[in-house]
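In: I'd like to go over a predicted model; first the sequence, then the structure.
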Amino acid sequence: MRSWTFTLVAVVAGAALFALSRFVQNDYFFFAGYVVLQYIVLSTAWNILGGYCGYVNFGTAALFALGAYTSVAIHKFHPVPIPVLIVIGGAVSAVVGLGIGYLTLRLRGAFFSIATLALAVVIQTLIINWDYVGGSRGAYILRPQTAPVIGSYIQYLFLIMLVLAVAAVAVARLIERSRLGYGFATIRDDEIAAEASGVPTLRLKLIATTLSGAFMGMAGAPLPYYVGYLDPASGFNLAYAVNSIAMPVIGGTTTWIGPLIGAILLGTLQQWVTVTISSAVNLLIVGLLLVAFVIIAPNGIVGLVRPLFQRGHR
Amino acid sequence: MSFPLDLLINAIVAGVLLGGFYAAVTCGISIAFGILDIVNIAHPAFIILGSYIAYIVNSNFGFDPILVSIVMLPAFYALGAAVYQVYYVSFERRGQEALRGLAFFFGLLFITEVVLILVFGVDYRYVEAVYIGPTLHYGFIDLPLRMLVPCLVSLLLILVLQVCLTRTFIGRAIMAVAQDQEALRLMAADPIRIKRIAFAVSIATASLAGAFLIVIQPVEPSVGRDYIGRVFAICVMGGMGSLPGTVIAAMLLGVVESFTATFYGPSWAPAVSFGFLLLTLAFRPAGLLGR
């Protein structure tokens, strides 16, 4: 499928999903759906760097919370519409992603991963000590009861996240079939050989970190309006980092559809487990699935399913 | 802001004592990451596990936490050997340690933390021992025993490790595995076995480090995360796999952190180590003592 056709199909699918969801009367559907869509954005963003280039980012929570706290800071100064916040939050996280990449990507891959772990704690410490956005006490955001045109505010947030998810998946798919994507794949397979063949590996890696960071920041920007109260412990929750790694790994890291499948399955499962059992058990399940998949099915669900399809074609 | 002399000297002393403890926390990483090139980000989780074992035995039977951790060394050694076996079979042999190996250790870190939360809750736990309360005074210098004892035992541990690494056959083979596995095979030593022993030793040190941790401060399951940045900062700064370098870097970080906590407030202390790590990675990736 051509990339533009694919983008069109993705947009139509998103629009159809939203149109159908308008018939759902239950608000909980939108609250749960928002979280699943948010994970689609996060895992797709993670996969641009982690899956395509092979560089593991543990700092998803930091870049995500950075987007959320940018929104809080701007909201306190002067309330602006959420789409504007998304652009600004995305830009801030993109710059931070670029910075951390610039500092560490010239070194071996492991250093980048460790630095991203460190980044999460540095940014969390800065936020805890920054009183303007509430410090360790957290910040309250009073969200409006209604949104223009759509009506219900949670449906408005749901729509925004749906648009972001469609955009993230479309961009990921676009990258995958482009020169950029082939460049990323050479880095993942053999970086030294790629460098020797004239692939500008550092520049490609920086593009990947920036893009990936931008989407994480964008996913975080509407969060304060969704939760209504944001404190550092929830914004920087390790669950974001674990989920954004587990979802692509479980779905399959080398294609755009892997993170999508992983996010939908795992995101829905978590919503269900959180409601029926407990949120600690749900995190345990994610951790166990992550370890089980990397050991037993290293190419994820896509890797398990693909041989069946390929045999059918031949 | 003025720096009174006695406050300054006490901050340095506290930092050195803290650094001795950090050295114990890091020496496992120095072996696993510095020598074997295994990015074991789950190491702090094993340390917390050590803390909880010390806590369980101490609160039920009243045994000394550090003695308990010494008795537990073989168990942690076996655990380390088992983890390495899984890691080797699933990732190292297939050449997939970069992405999937990291995800594996991250998963282990997370599972350990969540299981501890499910079993013990998020309450802070602490141990009882004779040396936790009292403090020695020399003039205006304070030496709290709860910091001094872990620091001294930790330095002893590192001395023993250093002697083993440089004086025994297995130790030299461990150093050699980092340089040339093929040459090691020619010396009739199995590199996989050597690496398993080394990794098991590195996890065994987590038992002791865990006991030190719970002697120094109350512990809850997610405390370990604060140590991820610290241990890697120290390991890199110490020159990847050099134990003397690890001790020097650990003390340096301890002093800087203690200064920050004394003069700017403890809420800034976590950022110090991570800032240190980022600066080291950016400007001196070979470490302080590196070439």
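Out: That came through fine.

In: could I get the phi/psi values of A:Gly151?
Out: According to degrees, to the nearest 10, the main-chain angles of A:Gly151 amount to phi 100, psi -100.

In: what's the lowest-mean-pLDDT helix or strand in chain A packed up against?
Out: Sorting the helices and strands of chain A by mean pLDDT, DSSP states H and E puts strand A:146-147 at the bottom, at a mean of 73. The contact analysis (3 or more C-beta pairs under 8 Å, 6 or more residues apart in numbering or on different chains; DSSP states H and E) places strand A:146-147 against helix A:153-176. C-beta coordinates here come from the backbone N, C-alpha and C atoms, glycine included.

In: give the next helix or strand downstream of the helix it packs on.
Out: Next helix or strand after helix A:153-176 toward the C-terminus (DSSP states H and E): helix A:179-189.

In: what mean pLDDT does the helix or strand following that following helix get?
Out: Following helix A:179-189 in sequence order, the next helix or strand is helix A:191-196 (DSSP H and E). Predicted confidence along helix A:191-196 averages 88 (mean pLDDT).

In: what about helix A:191-196, distance to the chain center?
Out: Centroid separation for helix A:191-196 versus its chain: 28 Å, with C-alpha atoms, centre = their mean, to the nearest Å.

In: ok, that helix near chain B or not?
Out: No - Helix A:191-196 does not reach chain B (C-beta under 8 Å from any C-beta of the partner chain); its nearest approach is 9.8 Å.

In: and the helix or strand following that helix, C-alpha only, in CSV?
Out: Next helix or strand after helix A:191-196 toward the C-terminus (DSSP H and E): helix A:201-220. C-alpha atoms of helix A:201-220 as CSV (Å, rounded to 0.1, in the frame of the first residue of the first chain):
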residue,chain,number,x,y,z
THR,A,201,24.3,7.4,11.5
LEU,A,202,24.6,10.1,14.1
ARG,A,203,22.3,12.5,12.2
LEU,A,204,19.7,9.7,11.7
LYS,A,205,19.8,8.8,15.3
LEU,A,206,19.3,12.4,16.3
ILE,A,207,16.3,12.6,13.9
ALA,A,208,14.8,9.5,15.6
THR,A,209,15.3,10.8,19.1
THR,A,210,13.8,14.1,18.3
LEU,A,211,10.8,12.6,16.5
SER,A,212,10.3,10.1,19.3
GLY,A,213,10.6,12.7,22.0
ALA,A,214,8.2,15.0,20.2
PHE,A,215,5.4,12.4,20.1
MET,A,216,6.0,11.5,23.8
GLY,A,217,5.7,15.2,24.7
MET,A,218,2.5,15.6,22.6
ALA,A,219,1.0,12.5,24.3
GLY,A,220,1.7,14.1,27.6
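
In: state the mean pLDDT of the very next helix or strand once past helix A:201-220.
Out: With elements assigned by DSSP H and E, the helix or strand that comes after helix A:201-220 is helix A:223-227. Averaging pLDDT along helix A:223-227 yields 89.

In: what do you get for stretch A:252-266?
Out: Average pLDDT, stretch A:252-266: 90.

In: centre of the chain to that stretch, how far?
Out: Computed by C-alpha atoms, centre = their mean, the chain-centroid distance of stretch A:252-266 equals 11 Å.

In: and it, which residues are buried?
Out: Neighbour counts over stretch A:252-266 (16 or more other C-beta atoms under 10 Å in any protein chain shown) mark A:252-266 as buried.
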